[in-house]
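# For reference, the sequence and a predicted model appear below.
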Amino acid sequence: MSQEHELGFFERYLTVWVGLCILLGLTLGQIFPELADIFEAIEVAGYPVPVAIALFLMIYPIMVQTDFKKIIQAGKSTKPIATTLVLNWAIKPFTMAFIAWFFIRVVWSPFVGYELGSELIAGMILLGIAPCTAMVLVWGYLSKGNMGHVVVMVAINSLSMVFLYGPLAVLLLPVADVPVPLARVAFGVLVYVGLPLIIGHLTRKSLLERKGEEEFTRFTEKLHYVSIAALLFTIVVIVAPQSQLVLSNPLTVLMVLIPLTIQIAIIFSIGYLVSRKIGLSYEDAAPTAQIAASNHFEVAIAMAITLFGIDSGATLAAVTGMLIEVPVMLILVQICLKTQHWFAVKS
């Protein structure tokens, strides 16, 4: 991807557009309450088809601008990969469990009943043990990170989730058994990573060979806005079916939103500072911290619905994670861009 790309007016105020899209999704969900049933009727492997299409359009433009050679090179860089794995699987699940317990059982205990509190904690834990495998590609791109590293870590996270999600859920959740949604994970990897990577690589190769660098640059500049538009559309189509659940529990949403925001900030800070301490370049440090801070809220929501029901506190907590993560991660992208000078220049 082009490292000279500067954030334009549309991107600089992306947090505003995201907020408006969240409001639009909540409004559409109120006006058309049947949207949830419509989405369930056109699901593939648990994903609503409109969401799958939007996510593909969000990731494909990024993959077109990702050099396949950099992906192979990133796979050989053990330091950022090891750092991300430790943050995702050895630190984040346990900090999330503690923060969820502390806020629900201590800080909010006068306002939250025990049973509801248990469900809220469970929903937050389901978020904490599901590393992001889609949106993080956008965060890495916007922060001018090493997209090869991001793609490699998305693939490793997806594979790791198959083996570690269930055991961590059993360890941290007050339930006897939690099945790993293999079909959902596999479909997500295919739609989010596999297809966009293959089609993006073929597009890149064809344009560079047939049209040249100049025509390729013009194409990617136009395609860039497709990714941002798809991100905003994704937010609308994910939020709309959950509108009734969110708006009927505003105080509970707030009580979950605060600890989730603190969790994201803490994990990002740990990842970013550790990356600096061990000598990573900015291009590797930014996505390393972002990958650790992000959550795969689609899987968390699906698991919360499966285990506790669509109207449960666990599902509400997982949906709240979806609402807060995008705005917070966009703020962290801006922090990354303003602190590039903290890191050594990549050779």
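Nice, thanks for sending it over.

# From the centre of this structure, give me the residue that's furthest out.
residue 210 (34.9 Å; CA atoms, centre = their mean).

# And it, how close does it get to residue 270?
46 Å (CB to CB, to the nearest Å). Using the backbone N, CA and C atoms, a C-beta is placed for each residue, glycine as well.

# what do you get for residue 209?
43 Å.

# quick one, what contacts residue 250?
With contact set as CB atoms under 8 Å, 6 or more residues apart in numbering, residue 250 has no partners.

# Do I have it right that residue 320 meets residue 261?
No - look at residue 320 against residue 261 with CB atoms under 8 Å: they stay out of range, at 10.0 Å.

# out of those two, which sits in the busier spot?
residue 320 (28 against 16; other CB atoms under 10 Å).

# Find the nearest non-adjacent residue to that one, please.
residue 256 (4.4 Å; CB to CB, 6 or more residues apart in numbering).

# The one you found reaches residue 122, doesn't it?
No - assessed by CB under 8 Å, residue 256 is found out of contact with residue 122, at 11.5 Å.

# Name the residues contacting each of those two.
With CB under 8 Å, 6+ apart, residue 256 and residue 122 have common neighbours residue 317.

# From residue 72, how far out is residue 305?
38 Å.

# Please identify which of those two sits among more neighbours.
residue 305 (17 against 11).

# And the more buried one, how close does it get to residue 207?
Taking CB to CB, one finds residue 305 at 42 Å from residue 207.

# now do residue 127
Residue 127 is 39 Å from residue 207, by CB to CB.

# Residue 36 is in contact with residue 48, correct?
No - if you go by CB under 8 Å, residue 48 and residue 36 don't touch, sitting 9.5 Å apart.

# and for those two, which residues touch both?
Shared contacts of residue 48 and residue 36, counting by CB under 8 Å, 6+ apart, come down to residue 241.

# higher neighbour count, those two?
Neighbours per residue (other CB under 10 Å) separate residue 48 from residue 36, with residue 48 holding more: 21 against 18.

# Leaving out the residues flanking it, which one is nearest to that one?
residue 39 (4.0 Å).

# my read: that neighbour touches residue 241, true?
Yes - in this structure, residue 39 is within contact of residue 241 by CB under 8 Å, at 5.1 Å.

# hang on, the earlier thing: looking at residue 209 and residue 270, which is more packed in?
Counted by other CB under 10 Å, residue 209 and residue 270 do not tie: residue 270 has more neighbours, with 19 against 9.

# can you pull the contacts of the more buried one?
87, 91, 289, 292.

# which sections of the stretch 51-200 of the chain are below the confidence cut-off?
66, 68, 70-71, 73-75, 133-134, 159, 162, 174-193 (pLDDT under 70).

# for it, what spans make up the helices?
For the stretch 51-200 of the chain, helices defined by DSSP state H, counting those that start in this stretch occupy the ranges 68-75, 78-86, 92-101, 114-128, 135-142, 147-172, 182-189, 195-210.

# nearest to residue 249, of the ones you listed?
Nearest to residue 249, of all those, is helix 114-128, at 9.7 Å by CB to CB.

# export the closest one as CSV, just CAs?
The C-alpha coordinates for helix 114-128 follow below in CSV (Å, rounded to 0.1, in the frame of the first residue of the first chain):
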residue,chain,number,x,y,z
TYR,A,114,-26.7,-10.9,40.1
GLU,A,115,-28.2,-12.9,37.3
LEU,A,116,-28.0,-10.1,34.8
GLY,A,117,-24.5,-9.3,36.0
SER,A,118,-23.4,-12.8,35.3
GLU,A,119,-24.7,-12.6,31.7
LEU,A,120,-23.1,-9.2,31.1
ILE,A,121,-19.7,-10.6,32.3
ALA,A,122,-20.1,-13.6,30.1
GLY,A,123,-20.8,-11.4,27.0
MET,A,124,-17.7,-9.3,27.7
ILE,A,125,-15.6,-12.4,28.1
LEU,A,126,-16.9,-13.8,24.8
LEU,A,127,-15.6,-10.5,23.2
GLY,A,128,-12.3,-10.7,25.0
